[in-house]
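Undergrad: coordinates only, no sequence provided:
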């Protein structure tokens, strides 16, 4: 087991998307060594063979480094698109009439096909349609089961197969298309740790996906539809984590609403003790430039100040010209923010009220005790990861050392704020627990002899859901060599 690299002491985690620019062992290892904690496989692009090869490379790096790495499969979800035009595209001007229908005949300046009967079924006069990421806005004047007559509100050039967004309308569409079902089955067989669900509109969408996953991976709901925000707390409660997916969200809601919605999502997830990722265009300019804009650096910092568990890179690492530099600057921004006294003040002012359970009381006490004794780490013993997530919910200043007998749990914890997981042997009593905590803390260079650890666990040992014990221990008389799990 290797010691933690300096960037591993960063509390906020980094998610890096793999793609054509980062498909070699050397590139993926460099992303990991530079600070990436989670690798995302974007199933909107690439073949199963591509993803399988990248997953295998990540697992090889995990074996080489001895550090758990999380792999996320991000499902594409439904993609609502127009059909084609006879001339490849048309110019629409404000005020003109324009029809959408189910016909697949090539479109012209008066109409185009939209082969999605479910959209027509949900439309009503007055509804808005956004085409091509909002570059064209239409208002429905009249509609039926097979067409919609609209008026152009915002005109622009509209070309073949552009995307369609329907803000404010709940569409009778499952978030899992036949492609998604095939991708999900493949991803689960590959042993991914997290599944990101796109196009979530209702709590029932999360329940549908959870039933199919059946506990084989953790479920992350992407908050990218305004309809999902209306059910925010219910969706968070049903999910293992959430993502602030600002791509489609930024199309369907006014841009001035996105920052406040982002803060609402982060706060809801933090209150529930669920990991939350902020994603999309965080360092977008670094797809082609070696350094970010000042606005992008500020955007990343804002997500960290808000207490997000993780921040994500998409095209920056998947297809950009500067993937390693993107991870490096994100790591530098995160560590700079975390060293700012204002950061700790803001987090301390946002502690969620603990639930009235012994487990939550112990987690809250562990943070307070760790601050009082200036502990080197908070150590949690957990099989499911629930104890470590409770500790992370408290946003302690000390790192959280999660000791677990489960490889799957150790990988999932790579997403959680401040958690550094180790696959460790089971303990039988308090003496074993303290000894194992000291050994693993020394092995990871979390503290030297004399440093104090705050340890939480449950008695009887090995039984999930029994966190009821808090112990302070001083590291002494141990070597930096961990025992094998």
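TA: Received the coordinates, thanks. None of these values were measured; they are calculated from a predicted model.

Undergrad: from now on I want contacts and neighbour counts done on CA atoms only, so please keep to that.
TA: Fine.

Undergrad: what comes up buried for the helix or strand containing residue 26?
TA: Residue 26 is part of helix 25-34, with elements assigned from DSSP states H and E. Buried residues in helix 25-34, counted by 16 or more other C-alpha atoms under 10 Å: 27, 28, 29, 30, 31, 32, 33, 34.

Undergrad: give me the contact list for stretch 20-33.
TA: 5, 16, 18, 54, 57-58, 61, 317-321, 323-324, 327 (C-alpha atoms under 8 Å, 6 or more residues apart in numbering).

Undergrad: neighbour-wise, which of those residues leads?
TA: Highest neighbour count within the contacts of stretch 20-33, by other C-alpha atoms under 10 Å: residue 16, with 31 neighbours.

Undergrad: list the contacts of the residue nearest the centre of the chain.
TA: By C-alpha atoms, centre = their mean, the chain has its centre lying nearest to residue 277, at 3.8 Å. Contacts for residue 277 (C-alpha under 8 Å, 6+ apart) come out as 242, 243, 244, 308, 309, 310, 311, 312.

Undergrad: dump the residues you listed to TSV, plus pLDDT and distance to residue 474.
TA: Formatted as TSV, the contacts of residue 277 follow (pLDDT from 0 to 100; distance: C-alpha to C-alpha, whole Å):
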residue	pLDDT	distance to residue 474
242	98	37
243	98	38
244	98	40
308	98	31
309	98	29
310	98	31
311	98	34
312	98	36
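
Undergrad: from the residues you listed, which land in strands?
TA: 242, 243, 244, 310, 311, 312 (DSSP state E).

Undergrad: just the closest of those to residue 368, please.
TA: When these are compared for distance to residue 368 (C-alpha to C-alpha), residue 310 wins out at 23.5 Å.

Undergrad: how near is residue 432 to residue 86?
TA: According to C-alpha to C-alpha, to the nearest Å, residue 432 stands 74 Å off from residue 86.

Undergrad: cool, and residue 347?
TA: 56 Å.

Undergrad: between the two, which one's more packed in?
TA: residue 347 (17 against 14).

Undergrad: wait, is that one part of a helix?
TA: Yes: assessed with DSSP: H, G, I helix; E, B strand; the rest coil, residue 347 lies in a helix.

Undergrad: got the contact list for stretch 151-161?
TA: 81-85, 88-98, 131-132, 135-141.

Undergrad: one more time with 7 Å, if that's ok
TA: The contact list for stretch 151-161 (C-alpha atoms under 7 Å, 6 or more residues apart in numbering) reads 81-85, 88-98, 135-141.

Undergrad: same thing with stretch 191-210?
TA: By C-alpha under 7 Å, 6+ apart, stretch 191-210 touches 70-78, 170, 174-175, 217-225, 227-228, 231, 234-235, 238-239, 408, 411-412.

Undergrad: span of that stretch from start to end?
TA: Per C-alpha to C-alpha, stretch 191-210 runs 16 Å from first to last residue.

Undergrad: ok now it, how far from the chain's centre?
TA: 12 Å (C-alpha atoms, centre = their mean, to the nearest Å).

Undergrad: name the residues of it that are buried.
TA: So stretch 191-210, judged by 16+ other C-alpha under 10 Å, has buried residues 192-203, 205-206, 209-210.

Undergrad: could you give the number of residues near residue 371?
TA: Neighbour tally, residue 371, other C-alpha under 10 Å: 15.

Undergrad: and the host helix or strand of it, what does it pack onto?
TA: With secondary structure defined by DSSP H and E, residue 371 is part of helix 358-372. Where contact means 3 or more C-alpha pairs under 7 Å, 6 or more residues apart in numbering; DSSP states H and E, helix 358-372 is packed against helix 386-393, strand 467-474.

Undergrad: I'd say residue 115 and residue 102 touch.
TA: Yes: Residue 115 sits in contact with residue 102 when judged by C-alpha atoms under 7 Å, with a separation of 5.0 Å.

Undergrad: just give me the longest helix of this structure.
TA: helix 48-65 (DSSP state H).

Undergrad: helices or strands up against that helix?
TA: By 3+ C-alpha pairs under 7 Å, 6+ apart, helix 48-65 packs against no helix or strand.

Undergrad: relative orientation of that helix and helix 25-34 in degrees?
TA: 50 degrees (axes from the mean of the first three to the mean of the last three C-alpha atoms, to 10 degrees).

Undergrad: are we agreed that residue 100 is in a strand?
TA: Yes: counting by three-state DSSP, one finds residue 100 located in a strand.

Undergrad: following the strand or helix carrying residue 439, which helix or strand comes up?
TA: Assessed by DSSP H and E, residue 439 sits inside helix 430-443. Downstream of helix 430-443, the next assigned helix or strand under DSSP H and E is strand 452-458.

Undergrad: can you list the strands that that following strand pairs with?
TA: With DSSP bridges as the test, strand 452-458 is paired with strand 377-381 (parallel), strand 467-474 (antiparallel).

Undergrad: what mean pLDDT does it get?
TA: For strand 452-458, mean pLDDT is 90.

Undergrad: then stretch 205-214?
TA: Rounded mean pLDDT across stretch 205-214 is 98.

Undergrad: centre of the chain to it, how far?
TA: With C-alpha atoms, centre = their mean, you get 17 Å for stretch 205-214.

Undergrad: same thing with stretch 418-437?
TA: For stretch 418-437 - counting by C-alpha atoms, centre = their mean - the centre lies 28 Å from the chain centre.

Undergrad: please shift the residue numbers so they start at 838 in all later answers.
TA: With the count now opening at 838, the last piece we talked about shows up as stretch 1255-1274.

Undergrad: could you work out the end-to-end span of that stretch for me?
TA: Stretch 1255-1274 end-to-end distance (C-alpha to C-alpha) = 17 Å.

Undergrad: list the buried residues for it?
TA: Buried, per 16+ other C-alpha under 10 Å, within stretch 1255-1274: 1255-1261, 1263-1264, 1270-1274.
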